[in-house]
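1. What would the 3D arrangement of this be:
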Amino acid sequence: MTQLPGPKAPALIQLLQWVAKPLTFMEKCAKEYGDAFQIKLNYPMVFISHPKAIEEILKTNPKQFDSGYGNKLLAPLVGDNSLLLLDGDRHQRHRQLLMPPFHGERMQAYGKLICAIAEKVASKWVVGQPFSMRESTQEISLKVILQAVFGLEEGQRYDKLEKLLNSVLESLASSWKASALFLKFLQIDLGSWSPWGKFLRERQEIDELVYAEIAERRQKLDPKQTDILTMLLLARDEAGEAMSDGELHDELITLLLAGHETTATALAWAFYWIHRQPEIYNKLLSELEDLGDHPDPMAVIKLPYLNAVCCETLRIYPVAIITSARITKSPITIMGQAYPEGTALAPCIYLTHHREDLYPEPEKFKPERFLERQYSAYEFLPFGGSSRRCIGAAFAMFEMKLVLATILKRYSLALLEKRSLETVRRGVTIAPAGGVKMVMTGKRMSQKQESPSVATV
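-> Just a heads-up that it's a prediction; the model follows:
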């Protein structure tokens, strides 16, 4: 194998750049080294952004890779039995057990619930009083997860879980806070006053609440309930075996942490872009109004321009900026480049989504791209791909569309600032710095509404 190009700085310096300013670091490397380059993180990793190379990787038999190991840094968050960390037969088994609740008619049952939760959270906004849209979307998505996944009604356990999950996620809400995930020497428990010690204690409390919920639900299992926990308790693999408590726990934690944080961030970005460009707002509102005042959720999710807005949101700032790293079990050749056994190959979502040859003027937010062209699964991959594609992808798009439609139809909002938003690391994801500050200017009563404004502070 010829030596791949890449930065020459010491591994720790590269890792710190990746933690602090991942987009800047990747863009600089892509500009200097092209479609494939090697950077040194916790281990050397090859970033790849050419669609043909990504296609070759994703079409390779998954058994030729160790992909779970590439997510090992998430183990303190999600546990060792999480789908994200599994490989081979165990990964396939968990995927088959988890897939049904996130597709088809099962998912449709959550439509009205999502709309009701969005309306309930938005109803707390006060005209003229600034708020963080990301905090609101996080509240919406967490309530959706707790009610749709766990089937929890608001009460003591629900309130505790909501509070603890928010605290755990806020403990990773910036580059320096998230650095403990990447830098093992920071994972030191010095008691509840230390960052890692506080995180571990909160994780322990979450574990106890989740195991208590699993135990209760096993005792009084009701097959008529539609929440995802009930479906997972009833699910059996090909050998007739159910998930163990430990497996269930880790998959539920994965859904709680990965499933709501990512959707909350994507929604915050969507509200930002929609209100930054009045022509997009007007076009979207016109499409929504054609459905009447109380549209059927299944009609909402089929709207072409709403779908284009959601896709462009996930293109310009994909919440996950790389897919799971695939670590080769034997030598492999991708687009003529030979890679030895043990190479970590990381298809780069962000860099692929910003290729000029695929997306002209990639820094501009242009939903029309997705009306004018059909992109392949190797050109547009916000949820990853192949057997590692996000299991909640369809649910995330479903929720995004319904939350946007519910709020845009009922509330007039404005951005508080004219300046462009910067990005900030939140754990392993990328979020808008400052949380997207907005203000409600009024409730929408009439069918036609004026363009959004940008308030100045």
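
2. which stretches of the stretch 1-150 of the chain aren't confidently modelled?
-> Low-confidence segments of the stretch 1-150 of the chain (pLDDT under 70): 1-2, 104.

3. Apart from its chain neighbours, what residue comes closest to Ser386?
-> Closest residue to Ser386 in three dimensions, ignoring its sequence neighbours and counting by CB to CB, 6 or more residues apart in numbering: Leu58, at 4.1 Å. Any C-beta I mention is one placed from the backbone N, CA and C, and that applies to glycine too.

4. So which residue is dead centre in this protein?
-> Centrality entry for the chain: nearest residue to the mean C-alpha point is Thr262, 2.7 Å, by CA atoms, centre = their mean.

5. Can you show me the strands along the stretch 51-200 of the chain?
-> Ranges of strands within the stretch 51-200 of the chain are 65-66, 131-132, based on DSSP state E, counting those that start in this stretch.

6. Can you add distance to Val436 and mean neighbour count and give those strands back as CSV?
-> Listed next are those as CSV, based on distance: least, CB to CB, whole Å; neighbours: other CB atoms under 10 Å:
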stretch, distance to Val436, mean neighbour count
strand 65-66, 37, 22
strand 131-132, 7, 18
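
7. With respect to Pro362, which of those strands lies nearest?
-> strand 131-132 (27.3 Å; CB to CB).

8. contacting residues around the closest one?
-> With contact meaning CB atoms under 8 Å, 6 or more residues apart in numbering, strand 131-132 is reached by 125, 434-440.

9. State the paired neighbours of it in the sheet, together with their directions.
-> Taking DSSP bridges as the criterion, strand 131-132 sits next to strand 437-443 (antiparallel) in its sheet.

10. now the residue nearest to Gly128 when sequence neighbours are not counted, which residues is it bridged with?
-> Nearest-residue entry for Gly128: Val439, 6.3 Å, with adjacent residues in sequence omitted and distances by CB to CB, 6+ apart. Using DSSP bridges, the bridge partners assigned to Val439 are Ala414.

11. likewise Ile332?
-> The partner residues for Ile332, given DSSP bridges, come to Tyr339.

12. List the contacts of Phe395.
-> Taking CB under 8 Å, 6+ apart, we find Phe395 in contact with 102, 107, 110, 259.

13. so, if you compare those, which one comes nearest to Asn166?
-> Among the contacts of Phe395, Gly259 lies closest to Asn166 (CB to CB), at 14.4 Å.

14. doesn't that closest one fall inside a helix?
-> Yes. Under DSSP: H, G, I helix; E, B strand; the rest coil, Gly259 sits within a helix.

15. Look at Leu4 and say how many residues are nearby.
-> By other CB atoms under 10 Å, 17 other residues sit near Leu4.

16. correct me, but it touches Val46?
-> Yes. Applying CB atoms under 8 Å, one finds Leu4 in contact with Val46, separated by 6.2 Å.

17. Need the residues touching each of these two.
-> 36-38.

18. For the stretch 51-200 of the chain, which segments count as helices?
-> For the stretch 51-200 of the chain, the helices defined by DSSP state H, counting those that start in this stretch occupy 51-59, 75-78, 88-98, 104-108, 111-122, 133-144, 156-170, 175-182, 195-219.

19. Output those helices in JSON lines, with mean neighbour count appended to each entry.
-> JSON lines is the format used below for the helices of the stretch 51-200 of the chain (neighbours: other CB atoms under 10 Å):
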{"stretch": "helix 51-59", "mean neighbour count": "19"}
{"stretch": "helix 75-78", "mean neighbour count": "18"}
{"stretch": "helix 88-98", "mean neighbour count": "16"}
{"stretch": "helix 104-108", "mean neighbour count": "13"}
{"stretch": "helix 111-122", "mean neighbour count": "19"}
{"stretch": "helix 133-144", "mean neighbour count": "24"}
{"stretch": "helix 156-170", "mean neighbour count": "16"}
{"stretch": "helix 175-182", "mean neighbour count": "17"}
{"stretch": "helix 195-219", "mean neighbour count": "16"}
